[in-house]
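1. Structure of the sequence below:
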Amino acid sequence: MSRNAKIAAGGVAVGIILLFWLPWWAALLIVLGVPAAAYLTLDPAQRRRLRRVSRKKEIGR
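-> Numbering: from 1, shown residues only. This next block holds a predicted model:
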């Protein structure tokens, strides 16, 4: 199992646990808010690099 697959599986597990523990809107806010906050903490050079790497992974490139 790749590193990204492990992270995705962990995220799904945490999301399911949060749905049972918190109201659905709070769990959704956490699941969407944490990655958004992490992206916003990057400096502009890191954001450009992340976008460039993401574009290279698109189909057909």
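2. what's the pLDDT at the closest residue to Ala27 other than its chain neighbours?
-> The spatial neighbour of Ala27 that comes closest, neighbours along the chain excluded (CB to CB, 6 or more residues apart in numbering), is Leu18 at 3.8 Å. For every residue, glycine as well, the C-beta is placed using N, CA and C. On pLDDT, Leu18 comes in at 80.
3. Enumerate every residue touching Leu18.
-> Leu18 sits next to 26-27, 30-31 when contact means CB atoms under 8 Å, 6 or more residues apart in numbering.
4. Okay, and it sits in which element?
-> Counting by DSSP states H and E, the element that carries Leu18 is helix 3-21.
5. Alpha carbons of that helix, as CSV, please.
-> C-alpha atoms of helix 3-21 as CSV (Å, rounded to 0.1, in the frame of the first residue of the first chain):
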residue,chain,number,x,y,z
ARG,A,3,1.9,6.3,1.4
ASN,A,4,-0.9,8.3,-0.2
ALA,A,5,-3.2,5.3,0.0
LYS,A,6,-2.5,4.9,3.7
ILE,A,7,-3.2,8.7,4.2
ALA,A,8,-6.5,8.4,2.3
ALA,A,9,-7.6,5.3,4.2
GLY,A,10,-6.8,7.1,7.5
GLY,A,11,-8.7,10.2,6.4
VAL,A,12,-11.8,8.0,5.5
ALA,A,13,-11.6,6.3,8.9
VAL,A,14,-11.3,9.6,10.8
GLY,A,15,-14.2,11.0,8.7
ILE,A,16,-16.5,8.0,9.6
ILE,A,17,-15.6,8.3,13.3
LEU,A,18,-16.3,12.0,13.3
LEU,A,19,-19.7,11.5,11.6
PHE,A,20,-20.7,9.3,14.6
TRP,A,21,-19.2,11.5,17.2
